[in-house]
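Engineer: Fold the stuff below for me.
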Amino acid sequence: MSKETTTHPRIKTDLLFDKSANSFRKYSTMRALPNLWVFALGACLLGVLASDIPLECSSLNNSSTTTNGASVVSATYYDVGQKNVSGLVNQIAFCGVSARVKYGRNSSLTFEVWLPDKDYSSRFMAIGNGGQAGDIGYADMMVELNSGLGFAVAGGDAGHSFADNDVGMGGTLGKPGAYQPYLHNEDEIKAWLHDAINLFTPAAKEIINNFYGQEPRYSYFRGCSAGGAQGFSLAEFYPDQFDGIIAGCPANWFTRLMLGFLWNQKQFNTTETSIPESTLEFMQNSVIKECDLIDGVNDNLVENPLACTFNISSWACPEDGTPANGTCLEPAQISAVKAVYQGPVRSDLTNASLYPGLSLASEAGWFLPSVSGALSNAFSIPLLQNTLFNDLSYDPATFDWSSQVDLLDEKLGPLINSINTNLSSFRNNGGKMILYAGWADPNIAPMWSIQHAEAVTRGTLGKETSIADNDFMKLVMIPGGGHCGSNIAKYPHVPANYDVSTAIVEWVEKKNGLKEGIKSWGPTNGQNRTRKLCTWPLVAKLKEGEDLDNWESYSTSIIEGPQATIARKSETLDESTRGVIKERERV
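Structural biologist: Modelled structure (predicted):
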C-alpha cells in the first residue's frame, strides 16, 4: 500500500498528495538544510541527471537478480517518440526494464517496468491482461505512461506465453480439439487470473526503488475482462498490495462466464435459430426507439436498460406473412433470443439461474464472438477439453447442465474464480476499487457487475447496506458501452474513453469518493463529445437547456420515475438474481 516518499530529481513533487492533510505538499528529505545548499545540491543533481539518464538506465542490467526472485533481462532507454505501440508513442522519455520471475514447479513470468525520467509522481500502475493472456499489455502501459499522472508502469504476460500456446487462433486463444500446454499446468492456470499481478509486483516495486531511491508512495492496478478478474483476485488474495484497483467488465466468475459463452452458442447453432446481423440491428433500433426517452434525453441511447420494459413478442412474425418493415423473428428465433436475455440455467428441476444474460439494447453486437460461438470456441471448449475432462475429443454438446456444472465449479473454481464477497481485508487496508461495465457489452453480462457489487457490499459492510453507501467500492454502468470500451460499430456516438485512472487517484489520495462522477470522452465517430458517468445507482441527468455533448452539462441524479422501481428491485434482488447468488453460495 502507500509509502512515505522523499524528493528525487525525477519526481514531480507537486503532484504528490499528502494523506495527512487535504492539500498537496512537496516532499523533501532536505528541509533542514539551508536554502542555498538545497539549491546548489539540487542543481548539481539535475545536472548529473540530464547527462547520465541513459547510463543509469543501462546500469540496471547489472542488478541481474532482485531480492524478490526476478532476473533483469535488459534495460533500455527510450527518448521521447522512440517507442511505438500500435500507433501510440511515448510522450515522455523512460527507462524500459524487461525481467523474468520464476514460480511454481517450472514456470516463469515475463514482465516489463517503464520508469519515466521526469515528472514521476511516486505512483505505480500495474496493468492487467485480456483474454487468455500470454502477452504484455503494452498499449495500456503506454496510455498510463502518457496519462500525465506520473506513473511508473508495469505489465506481465500472466505466466505463460503466446509462443508456447499458439494454436493458430492468434495468441493463446484456443480452439476446439487443440492442445494448450498451460491449461494442463495448475500453476499456470492459477497464475493467469489469480496470481499473475502479484508475481511481478514486488519485483517491479524493487526495480522502481533501485531507480528512484524509494518505493512508490501509491500503488494502483487497472485491468478489464480477464484483467478485471485479476483486479478482484488482488483484492481477495493480496489485499495489502494496492491502494486502488480498477476492474472493468470483470470475468471473475469464470466457470460460469464460460458457461454463458457455451449457452449462447447453443442457442444459435442451428439454421432455424440463427439471426442475421441486419435483424439484430433492427432489434436494437426498436429497443432504442421504445426506451431512449426514459431519461428525458433523445440521444439514441438507453441510459438504463433495466428501466426498459420492451415487449420481445413484438418481433414475432405474423401468421399471415411478412410484416410491413420486412423484418421479424420466427418462433425458434424468439425462443433463442429470450434464452440469451435470461442467461444459462440448470437443466434439473430447479431451473436455477447460473449466470446473468445479456441486456436489452445490446443486440446489434450479438454477431460478435459472444453469441456467434467464437468465445465458446476460444475459452469454454478448450477449458472443458484440456482441463476439466483432459479429453480433446470431448463433445461440448453433451455437457450436463446440472451435475457437470458442479464438477466444473469444484475442479476449476479454485483456480480461476475470485468471487469472495467479503473483502474486509482490502477495505481495512484503505483499499478503493472502481468497478465498471458497459450496458451494451455482448461478451460479459453487465448485470453480473451489478449483482456482484451488491453481494460484495452486503458481504463486507452488512446485509442492510446499499451499494450507494459502499465506502470502498464504486460501480459505474456505462450506457452504450461495449466490452472494455466502445461498442464501435453499434454506438459510434458514445464516448469510448473513461477517465478511471484519474478518478481512482483522486479517490485514494483526495478522499473524494467519486462524488462528481467520471468523465468519458472521444466517441468513435469523431465528434468532440464528453459524457458524465455516475456511480450506480445514480444516473447522469442533462441540465435544462445545456449542451448534450458536454459532460459538465450533466448532474448525477437520484433515479426517478420508472427507473426508481427498477433500482429498488435490483437492490432487493429479483428472482433471477437470487438464483445466481444462491448458485454462488453453492461454490
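
Engineer: Before we go further, residue 56 is sitting in a strand, right?
Structural biologist: No: read with DSSP: H, G, I helix; E, B strand; the rest coil, residue 56 is helix and lies in no strand.

Engineer: roughly how far apart are it and residue 161?
Structural biologist: From residue 56 across to residue 161, the span is 30 Å (Cβ to Cβ, to the nearest Å). Quick note: C-beta positions are derived from backbone N, CA and C, even for glycine.

Engineer: and residue 204, what element?
Structural biologist: Applying DSSP states H and E as the criterion places residue 204 in helix 196-212.

Engineer: Could you pull up the mean pLDDT of that helix?
Structural biologist: Helix 196-212 comes out with an average pLDDT of 95.

Engineer: Buried residues, it. List them.
Structural biologist: Judged by neighbour count (16 or more other Cβ atoms under 10 Å), helix 196-212 contains these buried residues: 196-208, 210-212.

Engineer: do the same with stretch 75-90
Structural biologist: Those would be 75, 76, 77, 78, 83, 85, 88, 90, for stretch 75-90 by 16+ other Cβ under 10 Å.

Engineer: just checking, the fourth one touches residue 91?
Structural biologist: No: look at residue 78 against residue 91 with Cβ atoms under 8 Å: they stay out of range, at 11.1 Å.

Engineer: and residue 96, that one's in a helix?
Structural biologist: No: read with three-state DSSP, residue 96 is strand and lies in no helix.

Engineer: Go ahead and confirm it touches residue 76.
Structural biologist: Yes: the criterion here is Cβ under 8 Å, and residue 96 meets it with residue 76 at 5.0 Å.

Engineer: what's the helix or strand for residue 91?
Structural biologist: Using DSSP H and E, residue 91 falls within no helix or strand.

Engineer: and it, what is it in contact with?
Structural biologist: Applying Cβ atoms under 8 Å, 6 or more residues apart in numbering, we find residue 91 in contact with 80, 81, 145, 146.

Engineer: contacting residues around the second one?
Structural biologist: It refers to residue 81. Neighbour list for residue 81: 89, 90, 91 [criterion: Cβ under 8 Å, 6+ apart].

Engineer: ok, now with 7 Å
Structural biologist: 89, 90 (Cβ atoms under 7 Å, 6 or more residues apart in numbering).

Engineer: so where is the stretch 301-450 of the chain shaky, pLDDT-wise?
Structural biologist: 321-326, 368-372 (pLDDT under 70).

Engineer: measure residue 362 to residue 332 for me?
Structural biologist: For residue 362 relative to residue 332 (Cβ to Cβ), the value is 21 Å.

Engineer: who's more crowded, the two?
Structural biologist: In terms of neighbours (other Cβ atoms under 10 Å), residue 362 is the more surrounded of residue 362 and residue 332; the figures are 33 against 14.

Engineer: Give me the spatial nearest neighbour of that one, chain neighbours excluded.
Structural biologist: Closest residue to residue 362 in three dimensions, ignoring its sequence neighbours and counting by Cβ to Cβ, 6 or more residues apart in numbering: residue 440, at 4.2 Å.

Engineer: Confidence-wise, which helix or strand of this protein is lowest on average?
Structural biologist: Least confident helix or strand of the chain, by mean pLDDT, DSSP states H and E, is helix 562-572 with a mean of 38.

Engineer: ok so, going back, the buried residues of helix 196-212: which two are farthest apart?
Structural biologist: Using Cβ to Cβ, the buried residues of helix 196-212 span at most 24.5 Å, a distance reached by 196 and 212.

Engineer: show me where the stretch 451-587 of the chain has strands.
Structural biologist: With DSSP state E, counting those that start in this stretch, the ranges of strands along the stretch 451-587 of the chain come out as 473-478, 495-498, 518-523, 530-533, 539-542, 554-557.

Engineer: List the buried residues in the last one.
Structural biologist: Okay, so that is strand 554-557. Neighbour-count burial for strand 554-557 [16+ other Cβ under 10 Å]: 554, 555, 556.

Engineer: okay, these in JSON lines with distance to residue 114 next?
Structural biologist: Shown next, in JSON lines, are the buried residues of strand 554-557 (distance: Cβ to Cβ, whole Å):
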{"residue": "554", "distance to residue 114": "35"}
{"residue": "555", "distance to residue 114": "38"}
{"residue": "556", "distance to residue 114": "35"}
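
Engineer: Could I get the full set of helices for the stretch 351-500 of the chain?
Structural biologist: 369-372, 374-375, 381-382, 403-416, 424-428, 446-461, 500-510 (DSSP state H, counting those that start in this stretch).

Engineer: ranking these by burial, who's on top?
Structural biologist: Per-stretch averages of neighbours, counted by mean count of other Cβ atoms under 10 Å, single out helix 381-382 among the helices of the stretch 351-500 of the chain, with a mean of 26.

Engineer: State the pLDDT value of the closest residue to residue 553 other than its chain neighbours.
Structural biologist: Using Cβ to Cβ, 6+ apart and skipping the chain neighbours, the partner closest in space to residue 553 is residue 546 (3.4 Å). Looking at residue 546, its pLDDT is 81.

Engineer: before we move on, what about residue 586?
Structural biologist: 56.

Engineer: before we move on, what about residue 132?
Structural biologist: pLDDT, residue 132: 92.

Engineer: That one touches residue 173, doesn't it?
Structural biologist: Yes: if you go by Cβ atoms under 7 Å, residue 132 and residue 173 touch, sitting 6.2 Å apart.

Engineer: May I have the phi/psi pair for residue 291?
Structural biologist: phi -120, psi 0 (degrees, to the nearest 10).

Engineer: ok, now how distant is it from residue 311?
Structural biologist: For residue 291, the distance to residue 311 - Cβ to Cβ - is 11 Å.

Engineer: So for those two, which residue has more residues nearby?
Structural biologist: Using other Cβ under 10 Å as the criterion, residue 291 and residue 311 rank with residue 291 on top: 21 against 9.

Engineer: Just list the residues touching the spatially closest residue to the more buried one that is not a sequence neighbour, thanks.
Structural biologist: Nearest residue to residue 291, sequence neighbours excluded (Cβ to Cβ, 6+ apart): residue 308, at 3.7 Å. Residue 308 makes contact with 287, 290, 291, 294, 302, 360, 361, according to Cβ under 7 Å, 6+ apart.

Engineer: could you dump the helix or strand that contains residue 221 to PDB, C-alpha only?
Structural biologist: Assigned by DSSP H and E, residue 221 belongs to strand 218-224. Taking only C-alpha atoms (Å, rounded to 0.1, in the frame of the first residue of the first chain), the coordinates of strand 218-224 have been written out as PDB:
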ATOM      1  CA  TYR A 218       0.800   4.900  -4.000                       C
ATOM      2  CA  SER A 219       0.200   1.600  -6.000                       C
ATOM      3  CA  TYR A 220      -2.600   1.200  -8.500                       C
ATOM      4  CA  PHE A 221      -3.900  -1.600 -10.800                       C
ATOM      5  CA  ARG A 222      -6.000  -1.300 -13.900                       C
ATOM      6  CA  GLY A 223      -7.500  -4.300 -15.800                       C
ATOM      7  CA  CYS A 224     -10.500  -5.200 -17.800                       C
END
